[in-house]
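[1] Below is the sequence, then the predicted model.
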Amino acid sequence: MLNINELGWNSFFEEAFQEYKQKGFSAGRIALEHKKMYRVLTEEGELLAEISGKMRFHASEREDYPAVGDWVVLTPRLHEQKATLHAVLPRQSKFSRKAAGNTTDEQIVAANVDTVFLVNALNADFNVRRIERYLLSAWESGANPVVILSKSDLCKDIEGRIRELEASTMGVPIHYISAETNTGLEKLEPYLQQGHTIALLGSSGAGKSTLINTLLGRRKQEVSFIRESDDRGRHTTTHRELIVMENGGILIDTPGMRELQLWEASDGLNHSFSDIESFAKNCRFRDCTHQKEPGCAVQEAIQNGSLEEERLVHYLKLQKELAFLERKENQKAAMAERAKWKKLSNDQKKMKKR
């Protein structure tokens, strides 16, 4: 049996749970979701759960439903090894992205994460701009990002790669490792503490599953070999899963993402690109776009070598992407509001006819 504190329980969740505790409910943590069924870890053991009809009725957005890493309120049926979920406790952090497709919907990748391991392979698939994008979402999530450069045995100039990254990571810890040769894994031990939750995020073939297998000391996740043609791996992990280590550390593995579509990252943008924001304060014009205006301090920083032009291009691209997402969200909210009032109006007309 697990102690609830070993699953990441703390005073924040304890306080939020008090009203439910007084009514006789139990608490558990979502380890796996599959077709609206959930595997939940509790002090009584592992239970298979589904949400209650009342909870389903009141849920309007994706964030109203449980995600991997969430703490939930439940009624256990221990003789069946099952449970009913009634509510999701407030989240301390959540890593989200825009769901795939043309709709503007949030997809919560992992919830209540303390540290995000941003895993990127040190082979031909190494990409600074992709890491910047992941950092943006990591800062917005409320978790602390750490960059893990995997497959160091395949790189001849590790220090050069790290120098490339340092201008973009703004003090974020960077560790290079090789799960194949057991290089650098000792640097990760300080993060693997009892009750501490780590989410592993990165593109397909970055080495997340191999790293998890190495940390666990057993083959838990399936691993695919990289293609020799472009050093990219196939998509291995097909679902998000929370795994409790023997030492009490908690890992959340996630499917690889070729490109992370942003979701609400305005604060993260300021944090991730604080160097550009700092230069921009000295621009002659307050509404400077940092392109052709005279007296642009950002362009001056590029000219004197203090800032990479490619980093500014990526910053402006992310700004446009977030602005577009915000406009779509506003349109969606306006349509939802109109639909609500239309329904109320129709309901009132029906009442008058009775």
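    Cool, the structure landed.

[2] quick one: the strands in the chain?
    Ranges of strands in the chain, per DSSP state E, are 26-34, 37-42, 45-51, 71-77, 82-88, 94-98, 106-111, 115-121, 144-150, 174-176, 197-201, 241-244, 250-253.

[3] Present these as TSV; the columns should include distance to residue 320, mean pLDDT and mean neighbour count.
    Where you see a C-beta, it was placed from the backbone N, CA and C, and this is true even at glycine. Formatted as TSV, the strands of the chain follow (distance: least, Cβ to Cβ, whole Å; pLDDT from 0 to 100; neighbours: other Cβ atoms under 10 Å):
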stretch	distance to residue 320	mean pLDDT	mean neighbour count
strand 26-34	33	94	21
strand 37-42	37	95	21
strand 45-51	37	95	18
strand 71-77	36	96	21
strand 82-88	33	96	20
strand 94-98	14	75	22
strand 106-111	20	83	22
strand 115-121	23	92	25
strand 144-150	23	93	23
strand 174-176	28	94	18
strand 197-201	23	92	26
strand 241-244	34	92	20
strand 250-253	31	92	24
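
[4] Could you save the ones you listed as JSON lines and add columns showing distance to residue 135?
    What follows is the strands of the chain, written out as JSON lines (distance: least, Cβ to Cβ, whole Å):
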{"stretch": "strand 26-34", "distance to residue 135": "26"}
{"stretch": "strand 37-42", "distance to residue 135": "29"}
{"stretch": "strand 45-51", "distance to residue 135": "33"}
{"stretch": "strand 71-77", "distance to residue 135": "26"}
{"stretch": "strand 82-88", "distance to residue 135": "27"}
{"stretch": "strand 94-98", "distance to residue 135": "12"}
{"stretch": "strand 106-111", "distance to residue 135": "15"}
{"stretch": "strand 115-121", "distance to residue 135": "7"}
{"stretch": "strand 144-150", "distance to residue 135": "6"}
{"stretch": "strand 174-176", "distance to residue 135": "11"}
{"stretch": "strand 197-201", "distance to residue 135": "10"}
{"stretch": "strand 241-244", "distance to residue 135": "23"}
{"stretch": "strand 250-253", "distance to residue 135": "18"}
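
[5] Could you say which one of those strands comes nearest to residue 314?
    Of all these, strand 115-121 sits nearest to residue 314, with 15.5 Å by Cβ to Cβ.

[6] Show me where the protein has its helices.
    Assigned by DSSP state H, the chain shows helices spanning 11-21, 53-58, 128-141, 158-169, 208-216, 266-272, 274-280, 297-303, 309-353.

[7] Now do the contacts for the residue nearest to the spatial centre of the chain.
    In the chain, the centroid-proximal residue (Cα atoms, centre = their mean) is residue 95; its distance is 2.6 Å. By Cβ atoms under 8 Å, 6 or more residues apart in numbering, the contact list for residue 95 reads 108, 109, 110, 111, 113, 116, 137, 138, 141, 143, 199, 201.

[8] and of the residues you listed, the nearest to residue 22?
    Each of those was scored against residue 22 by Cβ to Cβ, and residue 111 proved nearest at 24.3 Å.

[9] quick one: that closest one from residue 47, how far?
    18 Å (Cβ to Cβ, to the nearest Å).

[10] repeat for residue 147
    Applying Cβ to Cβ to residue 147 and residue 47 gives a distance of 36 Å.

[11] Poorly predicted segments of the stretch 101-250 of the chain, please.
    The stretch 101-250 of the chain contains residues with pLDDT under 70 at 101-106, 218-238.

[12] how near is the closest residue to residue 202 other than its chain neighbours to residue 162?
    Using Cβ to Cβ, 6 or more residues apart in numbering and skipping the chain neighbours, the partner closest in space to residue 202 is residue 119 (3.6 Å). Distance, residue 119 to residue 162, by Cβ to Cβ: 15 Å.

[13] got it, and residue 148?
    Counting by Cβ to Cβ, the gap from residue 148 to residue 162 is 12 Å.

[14] Mind listing the shared neighbours of those two?
    residue 176.

[15] what about the closest residue to residue 293 other than its chain neighbours, how many residues close to it?
    In space, and not counting its chain neighbours, residue 293 is closest to residue 285: 5.6 Å by Cβ to Cβ, 6+ apart. Per other Cβ atoms under 10 Å, the neighbour tally for residue 285 reads 10.

[16] Please apply the same query to the one 5 residues further on.
    Applying other Cβ under 10 Å, we find 20 residues neighbouring residue 290.

[17] cool, and residue 196?
    Neighbour tally, residue 196, other Cβ under 10 Å: 17.

[18] and what of residue 79?
    By the measure other Cβ under 10 Å, the count of residues near residue 79 is 6.

[19] Regarding it, what are the backbone dihedral angles?
    The phi and psi values for residue 79, taken as degrees, to the nearest 10, are phi -70, psi -20.

[20] tell me the contacts of residue 37?
    By Cβ under 8 Å, 6+ apart, the residues touching residue 37 are 48, 49, 50.

[21] And those, which is closest to residue 129?
    For the contacts of residue 37, the nearest to residue 129 is residue 49 (40.0 Å; Cβ to Cβ).
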